[in-house]
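> Predicted model, plus sequence, below.
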Amino acid sequence: MKVSVGTAAEGGAFVLYGGAFVDALKSVEPSLEMRERTTRGTLDNVPMLERGELDIGFAFGEVVHELFTGKPATKVTVISVMYATPGMFAVRADSRYRSITDLRGRPVVWNTRSSGLAVQGRYVMDGMGLDVDTYFESIYTERLSDGPAMVIDGTASALWGGGLRWPGFVTIANNPNGVRFVVPTAEETDRIVAKYDFLHRFTVQAGLYAGQSEPIHSVGSWSFILGRPDLDETVGYRLAAGLHRVERGGLSPRQLGQSTAKNTLAAVPSLDVLHPGVRRFYEEQGLIK
């Protein structure tokens, strides 16, 4: 069975996850011929899934929320969560910026307009009552890889990004100027999650980035693996079984560490959005009744 996997453009975390995902599934489900397909990310993957041009694709949680609450209702389904995506600003460690209010009127990179990161940034800032295009001097890049360079050379004051070991943040952290992460305060976080209940509090453990000696508490969402509307039930079942086998066998690479059945069931808005094959596997395993 051939399965096309929509990832993202170079410089995105989806690309790193995609490589680990495909390799892991090949090792436990050799009957599935997994083929990665480079896309522009979430806002490419979702319409391509709906048109049947991809079998499965990766998507940011904020976009998935819009899919399952919008009208007309989407027919794409959830295969699994990928990982938590806490949103943060990265600034140079030698800068004066220590809070989001310090960045008012400053040039801030939100990545490409079509990226899930840009969508996430708008939700998080709106939860604080801020409009990204009036409160900041917003910059949208052509490539995900452009943002880190702009912070390093001083063209931009901050870069919005998300995830654990996100490549853009790694690039800034490994530069001699170092990195500092700027996140909502506890009071700002309360306001964000009160307005948007699909956003969650996440902690970035200490030591994930060079010079990051303390854990970082921020807010974000789960990213998801989605399936096209008519994806064969057997394929969904084998994907779920493969991920479960990787998890139970202790075979998970770091990128797949959070792609578990437990996290998926906790993150989906209802069991109805699960792919039928995934739901059948979970029922057989006694994970849902």
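Arrived safely, thanks for sending. This one's a predicted model, so the numbers in the text were calculated from it and none came from an experiment.
> Pull the contacting residues for residue 6.
By C-beta atoms under 8 Å, 6 or more residues apart in numbering, the residues touching residue 6 are 37, 39, 44-45, 48-49, 54, 56-58. Every C-beta, even on glycine, is put in place using the N, C-alpha and C of the backbone.
> Okay, and the beta partners of it?
residue 37, residue 57 (DSSP bridges).
> helix or strand right after the strand or helix carrying residue 220?
Secondary structure assigned from DSSP states H and E places residue 220 in strand 216-227. Next helix or strand after strand 216-227 toward the C-terminus (DSSP H and E): helix 233-248.
> list the buried ones in that following helix?
235-244, 246-247 (16 or more other C-beta atoms under 10 Å).
> so which of those residues comes closest to residue 288?
Comparing the buried residues of helix 233-248 against residue 288 with C-beta to C-beta places residue 240 closest, at 11.6 Å.
> ok, and what's touching stretch 257-265?
Against stretch 257-265 from outside (C-beta under 8 Å, 6+ apart): 21, 78, 80-84, 222, 225, 240, 243-244, 247, 252, 271, 274, 278, 282, 285, 287-288.
> Strands - which of the residues you listed land there?
Residues of these located in strands (DSSP state E): 78, 80-84, 222, 225.
> Give me the neighbour count for residue 280.
Each residue near residue 280 was counted by other C-beta atoms under 10 Å, and the total is 16.
> now do the one 4 residues further on
By other C-beta under 10 Å, the residues close to residue 284 number 12.
> One more: the one 3 residues further on?
The local packing count at residue 287 equals 15, with neighbours defined by other C-beta under 10 Å.
> Spatially, what comes nearest to it if we skip its sequence neighbours?
residue 261 (5.3 Å; C-beta to C-beta, 6 or more residues apart in numbering).
> neighbours of that neighbour, just the number please.
20.
> Repeat that for residue 116.
29.
> do the same with residue 52
Counted with other C-beta under 10 Å, residue 52 comes out at 11.
> and it, what pLDDT?
Residue 52 is assigned 96 on the pLDDT scale.
> going forward can the numbers begin at 44, since that is how I track them
With 44 as the first residue, the last one maps to residue 95.
> Export the ones in strands among the contacts of stretch 300-308 as CSV, with columns for pLDDT.
Below are the ones in strands among the contacts of stretch 300-308 laid out as CSV (pLDDT from 0 to 100):
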residue, pLDDT
121, 98
123, 98
124, 97
125, 96
126, 94
127, 94
265, 96
268, 98
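> residues touching the closest residue to residue 189 other than its chain neighbours, list them.
Nearest residue to residue 189, sequence neighbours excluded (C-beta to C-beta, 6+ apart): residue 152, at 7.7 Å. The neighbours of residue 152, taking C-beta under 8 Å, 6+ apart as the test, are 182-184, 189-190, 193-194, 199, 201-203.
> what's the distance between residue 152 and residue 126?
22 Å (C-beta to C-beta, to the nearest Å).
> next one: residue 249
Counting by C-beta to C-beta - residue 249 and residue 126 are separated by 18 Å.
> Same question for residue 307.
11 Å.
> Would you map the strands across the stretch 144-293 of the chain?
Per DSSP state E, counting those that start in this stretch, the stretch 144-293 of the chain carries strands over the ranges 150-152, 180-182, 201-205, 222-225, 243-247, 259-270.
> what about those, which gets the closest to residue 215?
Closest among the strands of the stretch 144-293 of the chain, once you apply C-beta to C-beta, is strand 222-225, at 4.6 Å.
> Mean confidence (pLDDT) on the closest one, please.
98.
> List the contacts of that strand.
Contacts of strand 222-225 (C-beta under 8 Å, 6+ apart): 131-136, 138, 140-143, 145-146, 201, 212, 215-216, 247, 252-255, 259.
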